[in-house]
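>>> sequence and predicted structure are below.
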Amino acid sequence: MIAGLGAGLGAGVAAGLPTEPTQQAVGYPTLFLLVALGALVPVVPTGALVSSATVVAIHQTAPFSLAAVFALAAGAAFTGDVALYWLGQRGVRSKNGSRLLGALRDRAAPDRLDQARARLRTHGVSVLVLSRLLPAGRIPVMLACLLSGMRLAGFVRGDIPACLAWAATYQLIGVLGGSLFARPWEGVAAAVALALLISAVPGLWRRLRRQNP
């Protein structure tokens, strides 16, 4: 399903996609594992993965391909989030903390953590939905939830709609990229570029604000 991703994206897909049963047998598990890993280790561009997998699904004849990508993406994001939160809770309860909790603190700028805490007090777990949709917004809000002592069950209630909204958003990006181009590899390239651009915009905006106060 995620055929053509990586350095050889264009050439690989242009040469011809593997058969649909092969794509599904290899691509579906790969999509799930990579998105779950990206939720645990926030360096994998999971949004771009979902968008590119959506483009490939659009060009398949098998029914429910788009639904399968959506379900796998949302389920994998939820699995990774819950695992990361559970590990973070162990760090909070530990007397000396943990490396994971320290890594989460390092990834959350103090001002963004303060904003996340304020939003959490005002809006409760519903803030998780917005945090999932904003690039680099998930970790500060998750850390705010951990430091506030939110139970895992409360986090799960907010994270379910958050992961569904996130998967739907990046699948829509894939649908737009796939509908603009007749060739699958062109749609994949466009979807990946758009997803990465969306992820990079907030960081660039914050950098410009710091340079021009």
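Sure thing, it's come through. Since we're looking at a predicted model, the values are computed, not measured.

>>> could you check how far Met150 is from Leu104?
14 Å (C-beta to C-beta, to the nearest Å). Using the backbone N, CA and C atoms, a C-beta is placed for each residue, glycine as well.

>>> and if you look at Thr30?
Distance, Thr30 to Leu104, using C-beta to C-beta: 26 Å.

>>> for the two, indicate the residue with more neighbours.
Between Thr30 and Leu104, counted using other C-beta atoms under 10 Å, Leu104 has the larger neighbour count: 22 against 18.

>>> now the more buried one: which helix or strand?
If you go by DSSP states H and E, Leu104 is part of helix 99-107.

>>> pull the CA atoms of that helix into CSV?
What follows is helix 99-107, C-alpha atoms only, in CSV (Å, rounded to 0.1, in the frame of the first residue of the first chain):
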residue,chain,number,x,y,z
ARG,A,99,14.3,9.1,30.2
LEU,A,100,11.1,9.1,28.2
LEU,A,101,9.5,11.8,30.4
GLY,A,102,12.7,13.8,30.0
ALA,A,103,12.6,13.4,26.3
LEU,A,104,9.0,14.6,26.2
ARG,A,105,9.9,17.7,28.3
ASP,A,106,12.8,18.4,25.8
ARG,A,107,10.4,18.3,22.9
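
>>> what mean pLDDT does that helix get?
Helix 99-107 comes out with an average pLDDT of 75.

>>> and whichever helix or strand comes after it, what's buried?
Note on helix 99-107: by DSSP H and E, the next helix or strand toward the C-terminus is helix 110-123. Buried residues in helix 110-123, counted by 16 or more other C-beta atoms under 10 Å: Arg112, Leu113, Ala116, Arg117, Arg119, Leu120.

>>> pLDDT and distance to Ser52 for the residues you listed - can I get that in JSON lines?
Shown next, in JSON lines, are the buried residues of helix 110-123 (pLDDT from 0 to 100; distance: C-beta to C-beta, whole Å):
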{"residue": "Arg112", "pLDDT": "81", "distance to Ser52": "28"}
{"residue": "Leu113", "pLDDT": "85", "distance to Ser52": "32"}
{"residue": "Ala116", "pLDDT": "86", "distance to Ser52": "30"}
{"residue": "Arg117", "pLDDT": "89", "distance to Ser52": "35"}
{"residue": "Arg119", "pLDDT": "88", "distance to Ser52": "31"}
{"residue": "Leu120", "pLDDT": "89", "distance to Ser52": "33"}
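
>>> contact partners for the residue nearest to Gly80 when sequence neighbours are not counted?
Using C-beta to C-beta, 6 or more residues apart in numbering and skipping the chain neighbours, the partner closest in space to Gly80 is Ala39 (2.3 Å). Counting by C-beta atoms under 8 Å, 6 or more residues apart in numbering, Ala39 makes contact with Thr46, Ala76, Ala77, Thr79, Gly80, Asp81, Ala83, Leu84.

>>> secondary structure element holding Ala39?
Per DSSP H and E, Ala39 falls inside helix 20-40.

>>> do Val43 as well
Here Val43 sits in a region with no helix or strand, counting by DSSP H and E.

>>> neighbours of it, how many?
8.

>>> for Ala165, see how far away it is.
Where Ala165 is concerned, Val43 sits at a distance of 22 Å (C-beta to C-beta).

>>> quick one: buried residues of the helix holding Leu104?
For helix 99-107, a neighbour-count test (16+ other C-beta under 10 Å) marks Leu101, Leu104, Arg105, Arg107 as buried.
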